[in-house]
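J.: Below is the sequence, then the predicted model.
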Amino acid sequence: MHKEKSIESTNDQDQVIYYHGTKADLKPGDLIEPGYNSNYGTRKQASYVYLTATLDAATWGAELALGDGQGRIYLVDPTGPFEDDPNLTDKKFPGNPTKSYRTKHPLHVTGEVSNWRGHSPEVLKAMKDHLEELKRKGIEAIED
């Protein structure tokens, strides 16, 4: 069982900025919802949408998302509770240092980050090669 995070804050200084990396062309006011094909594995219908509190994790999402479009990073507000992303936490990265989360509730797009920098071509290729190796081994994203 995963612990859900509260999205309520009693102090404006406690506000966290959340990001979502993708190749989808969205605009403020749009909702990012579960139910679309996943960007990973066998591309089955995703039960969750993903968000992060780090620009680096969002950059990976923008760079690794499937499709021909330009990678984009959006500022998002969760509309319901969320939990640690088990694909990036637990045994892989104890304590969730990537601040990566998932939710079954929509994410509300509030803006776009326009000045982000991608990873170097070598680092990006190494990550894509690693993901291909996981795919060959039949290792899928955790969606339960």
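T.: Good, I have the coordinates.

J.: For the protein, which segments are assigned as strands?
T.: 4-5, 18-22, 31-32, 49-52, 72-78, 82-84, 100-103, 107-113 (DSSP state E).

J.: who does the fifth one pair up with?
T.: If I follow you right, that is strand 72-78. Strand 72-78 has its sheet partners listed here by DSSP bridges as strand 18-22 (antiparallel), strand 107-113 (antiparallel).

J.: Show me the helices in this protein, by range?
T.: Assignment of helices within the chain using DSSP state H yields the ranges 55-64, 121-136.

J.: closest to I73 out of these?
T.: helix 55-64 (4.6 Å; C-beta to C-beta). No exception for glycine: its C-beta is placed from N, CA and C like everyone else's.

J.: Next, the angle from the closest one to helix 121-136.
T.: Put simply, helix 55-64 runs at 70 degrees to helix 121-136, going by axes from the mean of the first three to the mean of the last three C-alpha atoms, to 10 degrees.

J.: next one: helix 55-64 to chain centre, how far?
T.: Helix 55-64 has its average C-alpha position 7 Å from the chain's average C-alpha position, going by C-alpha atoms, centre = their mean, to the nearest Å.

J.: could you say what helices and strands that helix packs with?
T.: Helix 55-64 makes packing contacts with strand 18-22, strand 49-52, strand 72-78, helix 121-136 when contacts are defined by 3 or more C-beta pairs under 8 Å, 6 or more residues apart in numbering; DSSP states H and E.
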